[in-house]
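Asks: Quick check, what structure comes out for this input:
(2 chains)
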Amino acid sequence: MIEIKNLVRKFGSKYALDDISFTVRDGDIVGFLGPNGAGKSTTMNIITGYLSPTSGNVLVNGIDVFEEPTKVKKLIGFLPEQPPLYVDMTVWEYLSFVFDLKGCDFNKRAHLDEVCELVKIHDVKKRLIKNLSKGYKQRVGIASAIIGNPEIIILDEPTVGLDPMQVIEVRNLIRSLGKKHTIILSSHILSEVQSVCSRIVVIKDGKIIADENTPKLNKVIGQDNKFQVRVAGPQKEVHNLLRSIHSVRNVTCDGVRDGDTYTYVVEYSGVGDIRKIMFRELANKGWPIMAMEGVSTSLEDLFVKLMQREKEDN
Amino acid sequence: MLAIYKKEIHSYFTTPLGYIFLAAALVISAIIFSLSTLLSSTADTSGYFQLMIYLMVFFLPILTMRAFSEERRAKTDQLLFTSPVSIFSLILGKFFAAFTMLAIYMSISAINLIPLYIHAGANTPNGAIIIGNMLAMAFVGMCFIAIGIFASSLTENSAASFLITAAILIVLLVINLLNTFIPFEWLRTVLSWLSIYARFINFTYGIFDIGAVIYYLSITFIFLFITERLFQVRRLG
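Replies: Next comes the predicted model:
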């Protein structure tokens, strides 16, 4: 269990963290969500003892990180934003160094083999780290975090810079690690934390603006839906028709035309799917739908919604 | 500490750094040795050893210039400082690794002395002076390495780290040379505390000076200690 209490961290006169408190229970996969510069890395660096807070404290299993750092560091495996790799070493040399550094006291060979198996880096064991692709480097970084079977694994933006296939692999890896470990991972991608984490902490400008389990947050997001549709037909009439459909809240058209085809963003609220109705209405008029796709909620949309909810609550 | 020591030794021999240090120091010492003893037909090694100690100002920073600056640049310090190891033992690991390289240099360069014994005839070299000078080099080298490690914690740039170390060592050398010209007794006393270059004189006569040993150990410890404090303070930002 990690208890973070009233954490404040200043860089010069700027507040990077402004009174942050939250608790991570054993077995949680917590997603730490926020835009770049929100304070995610700073928080993680403080939990792992790399930085000290200006005030406030962090307790891991009841032990204070700043009073007994060595004890706490034994419980935590950390992957910083940039994997801390010695590029002149081979993968095996590096992992073996990390094993020694962490002072693990079980069978080295067997343990490292197990870790390599888990993150799928067996085939590059003997290669120099500097010659590996970004995806492999990231996995070596994750491997170094899980060496020694720490109770808690902290991953700072583990999927940044990876290609889509690698992103999926890393997410699956995190899910499988989550069965045995407590995990905190940071991300600036909403869909990522939605798909991996059981709980989401949203942070903005050094403050926590939401801290709840994923289904509950999904509800906030799901209150209205949004998709993008391309329709061939006169812009004004199509716009009015879309607007007239029941439960559509807003229609915007970007005005970029391609022949007589325009792209509209339709926002609608409530449950049910309006796409069937829309299809029939447009078909009646003889205006064909050229393309239709969902628009995923962006982080900015989420912030707006969280702010709205707060206002309503007040 | 052992893990970081092994890693450092490994990296001295997998990057050019260790080889550059050994090659440069060995070549220069071979040349100076031939000029100062063999070609001058003397078995007196003091001149050779003293010059080599002064030249360590340029050789030892090669070993320490990357110590912490490279870790910071590559962000591998995040791994080290979030591992269950105290900062001081990380520093000691790096210190002993660099010192091991100095010891390797000294062992290999001892080959220089062999011709002296073969060709000296009745004029055999003085063993006590040789051992004394080697001790002097080891103790002075220890301080240089500690200062180098301290300098490497100040910057992310290993070239800058090299220059800072060399600059500190040269300033100390100049202070030592100018010391006798300073008219104020009190200032001379203060500066003599910084006289890394003066304290080993007894060793070069073949006398074991316990006071000097304590002095060199203290200077080494002080620099390693302020390096540790520096990292603690930096965490606070």
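Asks: Now do the contacts for residue 146.
Replies: Since no chain was named, I'll use chain A. A:Gly77, A:Val115, A:Leu118, A:Val119, A:Ile153, A:Leu177, A:His181 (Cβ atoms under 8 Å, 6 or more residues apart in numbering or on different chains). For every residue, glycine as well, the C-beta is placed using N, CA and C.
Asks: Oops, wrong one, chain B.
Replies: B:Phe95, B:Ile219, B:Thr220, B:Phe221, B:Ile222, B:Phe223, B:Leu224, B:Thr227.
Asks: what's in contact with the helix or strand of chain B with the lowest mean pLDDT?
Replies: Ranked by mean pLDDT, DSSP states H and E, the weakest helix or strand in chain B is helix B:185-192, scoring a mean of 79. For helix B:185-192, the surrounding residues in contact (Cβ under 8 Å, 6+ apart) are B:Ile175, B:Asn176, B:Asn179, B:Thr180, B:Ile182, B:Ala198.
Asks: same thing but 6 Å
Replies: The contact list for helix B:185-192 (Cβ atoms under 6 Å, 6 or more residues apart in numbering or on different chains) reads B:Ile175, B:Asn179, B:Ile182.
Asks: what do you get for stretch B:130-141?
Replies: Applying Cβ under 6 Å, 6+ apart, the set of residues contacting stretch B:130-141 is B:Thr45, B:Phe49, B:Ile53, B:Met56, B:Leu102, B:Phe200, B:Phe203, B:Thr204, B:Gly206, B:Tyr216.
Asks: immediately after the least confident helix or strand of chain B, which helix or strand?
Replies: helix B:201-204 (DSSP states H and E).
Asks: could you dump that following helix to PDB, C-alpha only?
Replies: Provided in PDB are the C-alpha atoms of helix B:201-204 (Å, rounded to 0.1, in the frame of the first residue of the first chain):
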ATOM      1  CA  ILE B 201      58.000  14.700   0.600                       C
ATOM      2  CA  ASN B 202      58.900  12.400   3.400                       C
ATOM      3  CA  PHE B 203      57.800   9.300   1.400                       C
ATOM      4  CA  THR B 204      60.200  10.300  -1.400                       C
END
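Asks: Would you list the phi and psi of the spatially most central residue of chain A?
Replies: By Cα atoms, centre = their mean, chain A has its centre lying nearest to A:Ser187, at 3.1 Å. Backbone torsions for A:Ser187, taken as degrees, to the nearest 10, come to phi -160, psi 160.
Asks: Show the pLDDT at B:Phe33.
Replies: For B:Phe33, the model assigns a pLDDT of 92.
Asks: Roughly how far does the nearest residue to it once chain neighbours are set aside sit from chain A?
Replies: Using Cβ to Cβ, 6 or more residues apart in numbering or on different chains and skipping residues adjacent in sequence, the residue nearest B:Phe33 is B:Asn112, 4.4 Å away. According to Cβ to the nearest Cβ, to the nearest Å, B:Asn112 and chain A sit 32 Å apart.
Asks: Can you give the contact residues for stretch B:207-217?
Replies: Residues from elsewhere that reach stretch B:207-217 (Cβ under 6 Å, 6+ apart): B:Phe139, B:Cys143, B:Arg199, B:Asn202.
Asks: Identify all contacting residues around stretch A:237-254.
Replies: With Cβ under 6 Å, 6+ apart, stretch A:237-254 has contacts from A:231, A:262-270, A:274, A:277-278, A:281, A:287.
Asks: Tell me where the model's unsure across the stretch 151-300 of chain A.
Replies: Along the stretch 151-300 of chain A, segments meeting pLDDT under 70 span A:222-224, A:270-272.
Asks: now chain B
Replies: Checking chain B against pLDDT under 70 turns up B:120-122.
Asks: All the helices of the stretch 101-250 of chain A, residue numbers only.
Replies: Secondary structure of the stretch 101-250 of chain A by DSSP state H, counting those that start in this stretch: the helices cover A:108-119, A:134-146, A:164-177, A:190-196, A:214-222, A:235-244.
Asks: Which among these is found nearest to A:Tyr50?
Replies: Proximity to A:Tyr50, assessed across these by Cβ to Cβ, is greatest for helix A:134-146 (13.5 Å).
Asks: how about that closest one: buried residues?
Replies: By neighbour count with 16 or more other Cβ atoms under 10 Å in any protein chain shown, helix A:134-146 contains the buried residues A:Gly135, A:Tyr136, A:Lys137, A:Gln138, A:Arg139, A:Val140, A:Gly141, A:Ile142, A:Ala143, A:Ser144, A:Ala145, A:Ile146.
Asks: Please apply the same query to stretch B:181-190.
Replies: Applying 16+ other Cβ under 10 Å to stretch B:181-190 flags no residue as buried.
Asks: That one: how far from the chain's middle?
Replies: The chain centroid and the centroid of stretch B:181-190 are separated by 27 Å under Cα atoms, centre = their mean, to the nearest Å.
Asks: Stretch A:266-276 now?
Replies: 27 Å.
Asks: CA atoms only for it - export them in CSV, please.
Replies: Extracted as CSV, the C-alpha positions of stretch A:266-276 are listed here (Å, rounded to 0.1, in the frame of the first residue of the first chain):
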residue,chain,number,x,y,z
VAL,A,266,-22.0,15.0,-34.3
GLU,A,267,-22.3,15.1,-30.6
TYR,A,268,-25.3,13.4,-29.0
SER,A,269,-26.3,12.6,-25.4
GLY,A,270,-28.3,9.9,-23.8
VAL,A,271,-28.2,6.1,-24.3
GLY,A,272,-29.0,4.3,-27.5
ASP,A,273,-27.4,4.6,-30.9
ILE,A,274,-28.6,7.3,-33.2
ARG,A,275,-26.5,6.0,-36.2
LYS,A,276,-29.4,3.9,-37.5
